[in-house]
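> Got a sequence here, can you model it:
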Amino acid sequence: MANEDLGRTLRRLRRLASLTQEELASRSGVSVDVIRQLEQQRKHSARLPTLHALANGLGVELTTLLGDPPAVTSSGENDGPRFVAMRRAVMPVLWGPQPQPPGPEFSLDLLREQIADGWSQYHAAEFDPVLKTLPDLITDARSATVRGEEDDRRDGFAALAKVLQLAGHIAVRMGKTDLALIALERAIDAAGQSSDPLLPAMVVNSVAWTYQRQGRLDDALFIALSAADDTKDGGRTDTADGLKVWGALTMSAATSAARSNDYARAAALMEGAENEAARVATLPEGSDNRMVSVFSPSSVRIERVRLAVQYEHPEEALALAKGMRLSKDTPPSWRTWLLLDVARAHTDLGDAAGAVKTLESLRRVAPTWMRHHTLAVAIVRDLWALPNHPPGLRSLAEFLGVGD
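Numbers count the residues shown, from 1 in each chain. As a prediction, the model looks like this:
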């Protein structure tokens with residue numbers, strides 16, 4: 001793909017991983033000359049197999065190398081006024097006024113519903129409205145921590161933990177992982193002052209994901225497995241919510257293992273998670289699904305497909321995806337990722353027609369998301385470079401601005 005930022009991103013990620021160009025060449029199988037040309041921007045393009053190999057050598061997602069799709073589209077500036085407002089809410093001014101109890105019109109149930117709605121928007125990749133409402137939600141949650149009796153305050157801390165966790169996720173999507181960790185560390189502190197024993201582990205899972213984005217794979221694996229073991233040893237996997245939290249942590253650990261090139265361990269963790277996911281439906285209904293970790297037979301299978309295609313097992317990815325029935329609680333963003341990963345698997349196998357058919361489905365399901373997604377564009381660029389174009393490719397290329 002052609003990408004003016006590719007060389008700078010490659011150099012930054014290589015240095016973050018403390019690798020020389022020669023070491024990255026050895027780990028990825030890409031020649032040091034190609035790496036040097038890309039970093040020096042004497043070469044502005046690379047085919048997907050090369051990019052895939054470089055991402056694996058760096059231990060990052062391919063989209064991290066390509067550049068994530070923009071999280072906020074209205075201004076194109078990650079540090080615009082709304083983002084500054086979120087920073088101020090996450091990190092109140094030093095020596096500023098302490099939170100005041102909310103007024104008589106305050107409703108904790110309404111605040112919880114608003115936070116849950118924010119999570120729904122996040123999972124639908126609707127980041128703009130989440131960023132707009134986050135400062136007020138964080139402020140209201142802080143006020144709820146100083147109201148009424150101790151039980152009321154604990155409920156307020158639970159709300160604060162969930163909204164700070166949401167802020168951490170938004171910060172990651174905008175490439176601000178250090179701010180994300182600040183938000184998540186404060187979320188863990190708030191969770192510890194709540195009466196929900198699952199909340200700290202839920203936030204730890206978000207920390208593990210953030211560590212992955214920073215290339216701290218060993219740290220991510222360690223905290224995810226530790227929190228998963230604590231959840232299980234504490235007897236909390238006998239409830240639907242507890243099992244979902246354990247499952248999400250186990251999937252996160254599998255992802256870290258895979259990116260550390262331990263695909264066998266990753267596959268074993270995912271298979272164990274998939275076996276346990278079948279129990280979710282047999283347990284008593286938990287709390288609002290929007291506020292609990294994403295874990296179901298569908299989500300585990302989707303993640304297994306993603307890992308298989310990322311680590312060069314496209315046949316396995318297609319076999320896992322074949323005939324998959326998605327549960328009703330599968331977030332829209334997970335459905336779109338599945339289609340994109342299936343398109344990647346078809347491309348890796350040289351099945352251009354299968355890739356185009358899958359991308360056409362993705363266009364129907366999430367046209368705006370697809371248009372901005374760097375990986376979708378990269379796949380179509382590779383297909384467009386083929387001598388024979390399958391039916392439907394020209395329309396996709398025009399839609400994404402790829403082609404002649």
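
> can you count the residues close to Val309?
Using other C-beta atoms under 10 Å, Val309 has 26 other residues around it. Just so you know, the C-beta spots here come from the backbone N, C-alpha and C atoms, and that holds for glycine as well.

> what about it, which helix or strand?
Assessed by DSSP states H and E, Val309 sits inside helix 297-310.

> So which elements touch that helix?
Judged by 3 or more C-beta pairs under 8 Å, 6 or more residues apart in numbering; DSSP states H and E, the packing partners of helix 297-310 are helix 48-58, helix 240-259, helix 263-277, helix 314-321, helix 332-348.

> For these, state which one has the densest average packing.
Mean neighbour count (mean count of other C-beta atoms under 10 Å) peaks for helix 240-259 among the helices and strands packed on helix 297-310, with a mean of 26.

> by contact count, what packs against that helix?
Helix 240-259 packs on helix 199-213, helix 217-233, helix 263-277, helix 297-310, going by 3+ C-beta pairs under 8 Å, 6+ apart.

> Next, format the ones you listed as a markdown table and append distance to Ser143 and mean pLDDT.
Below are the helices and strands packed on helix 240-259 laid out as a markdown table (distance: least, C-beta to C-beta, whole Å; pLDDT from 0 to 100):
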| stretch | distance to Ser143 | mean pLDDT |
| --- | --- | --- |
| helix 199-213 | 19 | 95 |
| helix 217-233 | 29 | 96 |
| helix 263-277 | 38 | 91 |
| helix 297-310 | 34 | 88 |
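
> These: which one's closest to Val34?
Nearest of the helices and strands packed on helix 240-259 to Val34, taken as C-beta to C-beta: helix 297-310 at 20.5 Å.

> Ramachandran angles for the residue lying closest to Arg259 once chain neighbours are set aside?
Excluding its sequence neighbours, the residue lying closest to Arg259 (C-beta to C-beta, 6 or more residues apart in numbering) is Gly59, at 4.6 Å. When read as degrees, to the nearest 10, the backbone of Gly59 gives phi 70, psi 30.

> before we move on, back to that, columns distance to Asp140 on top of the helices and strands packed on helix 240-259, output as JSON lines?
Output for those, formatted as JSON lines (distance: least, C-beta to C-beta, whole Å):
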{"stretch": "helix 199-213", "distance to Asp140": "18"}
{"stretch": "helix 217-233", "distance to Asp140": "28"}
{"stretch": "helix 263-277", "distance to Asp140": "34"}
{"stretch": "helix 297-310", "distance to Asp140": "30"}
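
> Leu137 is nearest to which of the ones you listed?
helix 199-213 (16.2 Å).

> Could you give the separation of that closest one from the chain centroid?
For helix 199-213, the gap between its own C-alpha mean and the chain's C-alpha mean amounts to 11 Å (C-alpha atoms, centre = their mean, to the nearest Å).
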